[in-house]
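A.B. asks: Generate coordinates for the sequence data below:
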Amino acid sequence: MKIKITVGEKVLTATLENNETAKDLVAQFPLTVTLEDYASTEKIFYPDRKLSTAGAPSGYKPSVGDITYYAPWGDIAIFYKNFGFASGLINLGKIDGDMSALTGSKNVKATFELMED
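C.D. replies: Below you'll find the predicted structure:
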């Protein structure tokens, strides 16, 4: 699945995994949220409800550009720095290419939409 993330004037694309958690997130699209900076490593937001974790592994080691779901807290995290393995983290997909609109300590408003085929 391909998604579009609009941050101000910039449009980013991402490719999502074919898993239950990613499908559950897309079912809530379109979403306009404030991405909050967390630990100068990732941008996070909380979807309206917790997502399915059916069939998910016990954890994941994210790298730059990864879109993940942290099941214990119920938040989506987009990593702009590499991070170590974290229990409860589920890989949802990856930003395609430049993600400079999501780096740095500022909170940013973003709209997530499913792209048409």
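A.B. asks: Bridged to the residue nearest in space to the middle of the chain, which residues?
C.D. replies: In the chain, the centroid-proximal residue (Cα atoms, centre = their mean) is Ile67; its distance is 3.3 Å. In this structure, Ile67 has the following beta-bridge partners (DSSP bridges): Ile78, Gly93.
A.B. asks: Now that it has come up, it's in contact with Tyr80, right?
C.D. replies: No - between Ile67 and Tyr80 no contact is recorded; they are 11.2 Å apart, counting by Cβ atoms under 8 Å. Bear in mind the C-beta positions are built from the backbone N, C-alpha and C, glycine included.
A.B. asks: sorry, back to before: list the contacts of the residue nearest to the centre of the chain.
C.D. replies: When the contact criterion is Cβ atoms under 8 Å, 6 or more residues apart in numbering, the partners of Ile67 are Ala14, Leu16, Ile76, Ala77, Ile78, Asn91, Leu92, Gly93, Lys94, Ile95.
A.B. asks: what residue ranges in this protein are flagged as low confidence?
C.D. replies: Low-confidence segments of the chain, defined by pLDDT under 70: 117.
A.B. asks: can you give me the helices for it?
C.D. replies: Using DSSP state H, the helices of the chain run over residues 20-26.
A.B. asks: and Glu42, how many residues sit next to it?
C.D. replies: Residue neighbour count, defined by other Cβ atoms under 10 Å, stands at 23 for Glu42.
A.B. asks: List just the nearest of the contacts of Ile67 to Val33.
C.D. replies: Proximity to Val33 was ranked across these by Cβ to Cβ; first place goes to Ile76, at 8.4 Å.
A.B. asks: and that closest one, what does it touch?
C.D. replies: For Ile76, counting by Cβ under 8 Å, 6+ apart, the contacting residues are Leu25, Ile44, Phe45, Tyr46, Pro47, Ile67, Thr68, Tyr69, Tyr70, Leu92.
A.B. asks: One more: Thr15?
C.D. replies: With Cβ under 8 Å, 6+ apart as the criterion, the residues that contact Thr15 are Met1, Lys2, Ile3, Gly93, Lys94, Asp96.
A.B. asks: Excluding chain neighbours, give the residue nearest to Pro57 in space.
C.D. replies: Of all residues not flanking Pro57 in the chain, Ile90 sits nearest, at 7.3 Å (Cβ to Cβ, 6 or more residues apart in numbering).
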